[in-house]
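A.B. asks: Pasting the sequence and the predicted coordinates here, then a few questions.
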Amino acid sequence: MNAGSRSPRAVASWLLACCALVLAMIVVGGVTRLTHSGLSIVEWAPIVGTLPPLNDAQWLETFEKYRQTPEGRLVNHAMSLQDFKGIFWWEYFHRLLGRLIGIVFLLPLLWFAATGRVGARLGLKLAGIFVLGGLQGAMGWYMVKSGLVDDPRVSQFRLTAHLSLAFLILGAMLWVALDLLHPRRLQGGGAALRGARRLSFWVTGAVVWMVLTGGLVAGIRAGKAYNTFPLMNGHWVPPEILMLEPWWRNFFWNMATVQFDHRLGAWLLAVLAPLLWLRVRRAGAGDRATRTAHLLLALVALQVTLGIATLLAAVPVGLGATHQGVAALVFMAALAVNHSLRTAEGRHA
């Protein structure tokens with residue numbers, strides 16, 4: 001096998017490794033948020049900030065900067081230096097992992113380009129992903145800044161944008177990798193296969209809805225309320241769901257409405273995922289599509305179970321971070337089903 005024929009698989013393997021790092025980043029980001037560590041580093045220094053405090057004087061200086069923030073003054077005014085180190089390290093490793101992802105993406109990209117393994121079209125896609133990574137770093141700092149001014153909480157909109165951008169980067173890398181491993185050839189197929197393709201699109205849309213509403217739930221800490229299931233404190237639809245004026249504010253600031261929207265997406269996904277699984281099997285879409293449909297169904301079942309457990313336990317760190325990580329796996333599986341259906345011929349009868 002010559003170098004040219006090895007290139008697609010080598011580039012795909014590299015992209016899948018980057019996907020694994022982004023997945024880890026999403027989980028660490030969840031832990032950082034749930035441990036209230038995200039505001040512990042009050043400066044954005046992409047290069048200099050690679051080094052943590054190295055001596056007592058630097059630690060005291062870093063701690064003093066934190067104590068001047070709204071969170072340091074209003075929430076953690078009694079925090080000791082030792083406790084501060086606990087939240088500092090989570091945010092530090094979160095940022096360090098972001099830098100590592102940038103290096104792991106950029107250096108092999110330059111090498112693949114220099115050795116002629118990346119053509120112009122693929123190069124543009126990969127360059128676009130790298131730009132998204134840079135924007136993600138800037139968005140992360142933009143999010144942190146919102147909690148360093150007056151309110152000791154980050155904006156739920158910026159948090160949701162930060163989370164969504166991570167999923168966009170993850171999805172883009174996975175899709176390009178799948179294209180390299182299984183070149184897309186959109187086949188006509190029979191009515192059953194076309195129906196499965198349409199349904200897979202809507203399932204992916206439901207997963208995206210869950211990510212967006214999950215970001216809002218995390219942003220306003222709506223998971224700490226209505227910790228009952230399947231009812232929300234005795235109601236299918238909580239009576240305070242439209243208590244804010246004007247009405248549209250409820251969809252972004254009302255814990256009842258935001259959590260209800262997230263639950264609604266979960267119910268929808270719990271119905272659509274098994275339906276897609278049946279459609280794929282009946283369409284005769286091939287082994288790859290069948291395997292990815294099996295995986296998606298299993299992950300959705302796991303995610304719904306985790307979501308219920310996380311809610312009932314009022315979002316402990318371990319369950320909450322796992323729930324966020326499995327959400328990324330569900331998203332990846334949904335994309336894999338979409339991609340596999342686009343290379344399937346199915347039954348034409």
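C.D. replies: Good, I have the coordinates. Numbering: from 1, shown residues only.
A.B. asks: For the strand or helix carrying A256, what does the pLDDT average out to?
C.D. replies: In this structure, A256 is located in helix 255-283 according to DSSP states H and E. The predicted model assigns helix 255-283 a mean pLDDT of 96.
A.B. asks: do you know how far the spatially closest residue to G72 that is not a sequence neighbour is from K85?
C.D. replies: With Cβ to Cβ, 6 or more residues apart in numbering as the criterion, G72 has its nearest non-adjacent residue at 4.7 Å, and that residue is Y66. The way it works is simple: take the backbone N, C-alpha and C, and place the C-beta from them, glycine included. Counting by Cβ to Cβ, to the nearest Å, the separation of Y66 from K85 is 11 Å.
A.B. asks: Those two: who's more crowded?
C.D. replies: In this view Y66 and K85 are compared by other Cβ atoms under 10 Å, and Y66 has more residues nearby, 20 against 16.
A.B. asks: The more buried one and F88, how far apart?
C.D. replies: Taken as Cβ to Cβ, the spacing of Y66 relative to F88 amounts to 8 Å.
A.B. asks: for the helix or strand harbouring I26, which positions count as buried?
C.D. replies: Assigned by DSSP H and E, I26 falls within helix 3-34. Using 16 or more other Cβ atoms under 10 Å as the test for burial, helix 3-34 gives 7-8, 11-12, 14-15, 18-19, 21-23, 25-34.
A.B. asks: Check which helices and strands it sits against.
C.D. replies: For helix 3-34, the elements it packs on are helix 81-114, helix 156-181, helix 317-341, judged by 3 or more Cβ pairs under 8 Å, 6 or more residues apart in numbering; DSSP states H and E.
A.B. asks: Tell me where the stretch 151-300 of the chain is predicted with low confidence.
C.D. replies: Counting by pLDDT under 70, the stretch 151-300 of the chain has low-confidence residues at 184-189.
A.B. asks: check contacts around V237.
C.D. replies: F260 (Cβ atoms under 8 Å, 6 or more residues apart in numbering).
A.B. asks: Now with 10 Å, please.
C.D. replies: If a contact means Cβ atoms under 10 Å, 6 or more residues apart in numbering, then V237 has 231, 256-257, 260, 264 as its contacts.
A.B. asks: Tell me the one of these nearest I129?
C.D. replies: L264 (31.8 Å; Cβ to Cβ).
A.B. asks: ranges for the helices of the stretch 101-250 of the chain?
C.D. replies: Along the stretch 101-250 of the chain, the segments classed as helices by DSSP state H, counting those that start in this stretch run 120-145, 156-181, 191-219, 250-253.
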